[in-house]
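> Build me a model from this:
(chains A and B)
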Protein chains: 2
Amino acid sequence: MARWEPNARERLEEAALELFAEQGYDSTSVAQIADRAGLAKSTFFRHFADKREVLSAGQEILADLFAEGTAATPPSATPAECISAALQSAAAVFTPQRHHIAALRRSVVAANSELQERELLKRARLVAVLTDALSERGADETVAHLAAEIGMLAFGMAFARWSALESCAPFGPIADAALGELLASATTLGNRATSPRHRGD
Amino acid sequence: MARWEPNARERLEEAALELFAEQGYDSTSVAQIADRAGLAKSTFFRHFADKREVLSAGQEILADLFAEGTAATPPSATPAECISAALQSAAAVFTPQRHHIAALRRSVVAANSELQERELLKRARLVAVLTDALSERGADETVAHLAAEIGMLAFGMAFARWSALESCAPFGPIADAALGELLASATTLGNRATSPRHRGD
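Numbering: from 1, shown residues only, chains lettered A, B, ... in the order given. Sure thing, here's the model as predicted:
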């Protein structure tokens, strides 16, 4: 019979990411992860199929939160409001507890090209979720895809900023600020650059 | 001594894509490709490292054309004009000869998840090339990344439309139209949808 291990999943995740960061993803074994977490190897396998899943497990949750956030907006919501709602819905997973893990995760992924490829897959999957959610509301195909790409850009910017903070701050306002910058930038792509030297001339 | 084989590279590429489309990428061997092209296996290996390279060889050329197109614009060009120049520069590779190959390529990639992952890598690489080209011209980081993503969206839309045409048409105007639609859509993301039923009310 499996014993009940309080927060086993979180302890395993944190142990795995610490080891990945310390000694590399490839050289870390499941046995070492379980050891560091003070849990049995069999406990690891009750929570994750393999060490790769430690890094990808959050993807489904994020996809669901994106879809739920979009679906909860009123029918009159603009594409920008839908994307904003999706990001605010995703903010639920960016708890103080995840902040330490998120910073570790970023450095682990940055150091491993295989993991970067998996991040691209995850990104494409989330763009598809957002595009579908907007299309189902009747958005034009081009608008839906564009809004979804901008949403994922905002998400990426927000995650990088949030996880780089020394201490944990709410994710929602950071995501909203990133989305606001992108939407404002989107209207200026046809504008000539103003050279700072000539400002005030 | 290697004999000179006229258009060997193009013949190998076409033979490879036809076989990938007919019998699947995984079940096609280099020997079969050389056979179909009426060339020796050693000729294949003078042009490509392996069968995977048949599909990825165009990536470098495209990256160079994007960078050259952006670099050739005057310093006063807007981000939108730079992206447009990059796409027009890339149009050089979309010759009538490539049209048949492009349609085959699309169906081969659509049928194979490993190849779709490689397309995501290629896409990320080209977004990075465009982002860097815009940043070097002094564009703000957010603007550069956004413009690059919109550029790749336009490229993807244009390639899908161009390769789906029954006969070959110039790529440049198709790319320009796709970019124009995206830039116009970008300014409407904050707008409420107009229900077609109420138009003219």
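
> What is the three-state secondary structure of A:Ala144?
Taken by DSSP: H, G, I helix; E, B strand; the rest coil, the conformation at A:Ala144 corresponds to helix.

> now A:Gln116
The three-state label given to A:Gln116 by three-state DSSP is helix.

> Confirm for me that it is in contact with A:Val109.
Yes: between A:Gln116 and A:Val109 there is a contact under Cβ atoms under 8 Å: 6.1 Å. Just so you know, the C-beta spots here come from the backbone N, C-alpha and C atoms, and that holds for glycine as well.

> The two - which one has more neighbours?
A:Val109 (17 against 13; other Cβ atoms under 10 Å in any protein chain shown).

> quick one: contacts for the more buried one?
The contact partners of A:Val109, taken as Cβ atoms under 8 Å, 6 or more residues apart in numbering or on different chains, are A:55, A:115-116, A:119.

> State the helix or strand in which it lies.
Element membership for A:Val109 (DSSP states H and E) is helix A:96-110.

> And for the residue of chain A at minimum distance from chain B, the neighbour number?
Going by Cβ to the nearest Cβ, chain B is nearest to A:Ala186 of chain A, at 4.0 Å. Close neighbours of A:Ala186, defined as other Cβ under 10 Å, add up to 23.

> Would you mind listing what in chain A touches chain B?
For chain A, the residues in contact with chain B (Cβ under 8 Å from any Cβ of the partner chain) are A:76, A:78-81, A:83, A:117, A:120-121, A:124, A:138-140, A:142-143, A:145-147, A:149-150, A:153, A:157, A:181-183, A:185-193.

> Can you flag which of those belong to helices?
Those of the residues of chain A next to chain B mapping onto helices are A:79-81, A:83, A:117, A:120-121, A:124, A:142-143, A:145-147, A:149-150, A:153, A:157, A:181-183, A:185-186, per DSSP state H.

> Make a PyMOL selection of whichever of those residues turn out to be buried.
Buried residues within these, by 16 or more other Cβ atoms under 10 Å in any protein chain shown, are selected in PyMOL with:
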select buried, chain A and resi 79+80+81+83+121+124+142+143+145+146+147+149+150+153+157+181+182+183+185+186
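
> before we move on, the earlier item: which of the contacts of A:Val109 sit farthest apart?
Using Cβ to Cβ, the pair of these lying farthest apart is A:Leu55 and A:Gln116, separated by 11.2 Å.

> re the thing from before, just give the nearest non-adjacent residue to the residue of chain A closest to chain B, would you?
Counting by Cβ to Cβ, 6 or more residues apart in numbering or on different chains, A:Ala186 lies nearest to B:Ala186, which is 4.0 Å off, once chain neighbours are set aside.

> so who does that neighbour touch?
A:146, A:150, A:186-187, A:189, B:150.

> Need the pLDDT of it.
On pLDDT, B:Ala186 comes in at 93.

> With A:Glu5 instead?
Reported pLDDT for A:Glu5: 71.

> Can you verify my assumption that it contacts A:Ser42?
No: if you go by Cβ under 8 Å, A:Glu5 and A:Ser42 don't touch, sitting 10.7 Å apart.

> These two: which has the busier surroundings?
It is A:Glu5, of A:Glu5 and A:Ser42, that has more neighbours when counted by other Cβ under 10 Å, with 16 against 9.

> To which secondary structure element type does that one belong?
Quick answer, by three-state DSSP: A:Glu5 is coil.

> Please report the distance of it from A:Ala37.
Look at A:Glu5 and A:Ala37: by Cβ to Cβ, to the nearest Å, they are 9 Å apart.

> pLDDT wise, what is A:Ser195 at?
49.

> Tell me how chain A divides into domains.
A:8-47, A:58-188 (the TED database).

> buried sites along the shortest one?
Buried residues in domain A:8-47, counting neighbours by 16+ other Cβ under 10 Å, are found at A:8-9, A:11-21, A:25, A:28, A:30, A:32-34, A:36-37, A:39-40, A:43-44, A:47.

> and that domain, how far apart are its ends?
8 Å (Cα to Cα, to the nearest Å).

> do the longest one as well
Domain A:58-188 has its terminal residues 35 Å apart, counting by Cα to Cα.

> Now do it: distance to the chain's middle.
Domain A:58-188 sits 6 Å away from the centroid of its parent chain (Cα atoms, centre = their mean, to the nearest Å).

> hang on, the earlier thing: what do A:Glu5 and A:Ala37 both touch?
A:Arg11.

> Can you give the contact residues for stretch A:117-125?
By Cβ under 8 Å, 6+ apart, stretch A:117-125 touches A:52, A:55-56, A:59, A:63, A:109, A:152, A:156, B:117, B:120-121, B:123-124.

> what about the closest residue to A:Leu87 other than its chain neighbours, how many neighbours?
Excluding the flanking residues, the one nearest A:Leu87 by Cβ to Cβ, 6+ apart is A:Ala175, at 4.1 Å. Neighbourhood size, A:Ala175 [other Cβ under 10 Å]: 26.

> helix or strand for A:Ala175, which one?
helix A:171-186.

> now that helix against helix A:96-110, angle please.
Here helix A:171-186 points in a direction 50 degrees away from that of helix A:96-110 (axes from the mean of the first three to the mean of the last three Cα atoms, to 10 degrees).

> hey, C-alpha coordinates of helix A:171-186 in CSV?
Only the C-alpha atoms of helix A:171-186 are listed here, as CSV (Å, rounded to 0.1, in the frame of the first residue of the first chain):
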residue,chain,number,x,y,z
PHE,A,171,1.3,37.4,-12.2
GLY,A,172,-1.9,39.0,-13.5
PRO,A,173,-0.8,42.6,-13.6
ILE,A,174,2.5,41.6,-15.2
ALA,A,175,0.7,39.7,-17.9
ASP,A,176,-1.7,42.6,-18.4
ALA,A,177,1.2,45.1,-18.8
ALA,A,178,3.0,42.9,-21.3
LEU,A,179,-0.2,42.5,-23.4
GLY,A,180,-0.8,46.2,-23.2
GLU,A,181,2.7,46.9,-24.5
LEU,A,182,2.2,44.5,-27.4
LEU,A,183,-1.2,45.8,-28.4
ALA,A,184,0.2,49.4,-28.3
SER,A,185,3.2,48.3,-30.4
ALA,A,186,1.0,46.5,-32.9
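
> Show me the shaky parts of chain A.
A:1-4, A:193-201 (pLDDT under 70).
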